[in-house]
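In: how would this look folded up:
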Amino acid sequence: MQNLQVFKTKYTLEVDCSVDTGVIKMSGSSYPENAIEFFQPLFDWLEIYISEIGKEIILDLKLNYLNTSSSKCILDIMDILENYQKSNGKVQINWYYEEDDEDILETGEEFAEDTKLKFNLISYQVSKE
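Out: Got it, this is the predicted structure:
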C-alpha cells in the first residue's frame with residue numbers, strides 16, 4: 001500500500017494520505033466538474049487502508065469552500081469512517097476553520113451532527129502579512 005497525494009488545483013483540494021501515520025489531510029476549495037471521479041482514489045485508498053492496515057485514522061479538513069457534490073463525497077468518506085469505527089476502528093476528525101468563516105464552521109457543525117465520530121472544530125487565524 002502506498003501513500004496517496006493529490007495536488008491542489010483551482011477547482012480541487014490538496015489531498016495527502018499517509019500509510020505510516022493514518023493521517024488524511026485535505027485542504028483548499030472543492031468544486032470539481034465530477035466530484036465522484038475526483039474523490040474515487042481517496043475512497044479506494046481508505047478501503048484498502050482499513051482492510052490491510054487497520055490503524056487509527058485522523059482526517060484533517062482545512063477547507064475554504066465545498067460545492068454540494070463535494071459535500072456529499074465528504075459525507076460518504078465520513079460514512080466509511082463511521083462504519084470503520086463501528087467495527088472497533090479508531091477515528092478522529094479535525095475540522096479547521098478560519099475564525100471569521102461562519103459558513104465553514106456551520107458546515108463542520110452539520111457534519112459533526114450527522115456522524116457519531118469524534119469531531120474537533122478548530123479555529124485558526126490567517127496571518128495578514
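
In: V6 - nearest residue in space that isn't next to it in sequence?
Out: The spatial neighbour of V6 that comes closest, neighbours along the chain excluded (C-beta to C-beta, 6 or more residues apart in numbering), is V15 at 4.0 Å. Where you see a C-beta, it was placed from the backbone N, CA and C, and this is true even at glycine.

In: Across the sheet, point out what pairs with that neighbour.
Out: Listed beta-bridge partners, V15: V6, M26 (assigned using DSSP bridges).

In: What's the local residue count around it?
Out: V15 has 21 neighbours, counted by other C-beta atoms under 10 Å.

In: these two touch, right, it and V23?
Out: No - with contact defined as C-beta atoms under 8 Å, V15 does not count as touching V23 (11.4 Å).

In: Make sure I have this right: L42 is in a helix.
Out: Yes - counting by DSSP: H, G, I helix; E, B strand; the rest coil, L42 is part of a helix.

In: So what's the residue count around it?
Out: Neighbours of L42 (other C-beta under 10 Å): 21.

In: Quick one, grab the pLDDT at it.
Out: We have a pLDDT of 97 for L42.

In: Same check on E129?
Out: 61.

In: now do Q125
Out: pLDDT, Q125: 88.

In: Could you measure from it over to D101?
Out: 11 Å (C-beta to C-beta, to the nearest Å).

In: contacting residues around stretch 84-100?
Out: 50, 54-63, 78, 81-82, 104-105, 108, 111-112, 115-126 (C-beta atoms under 8 Å, 6 or more residues apart in numbering).

In: Report the secondary structure state of the residue nearest to I36 when sequence neighbours are not counted.
Out: Spatially, and ignoring its direct neighbours in sequence, I36 is nearest to C73 (6.6 Å; C-beta to C-beta, 6+ apart). Here C73 is recorded as helix under three-state DSSP.
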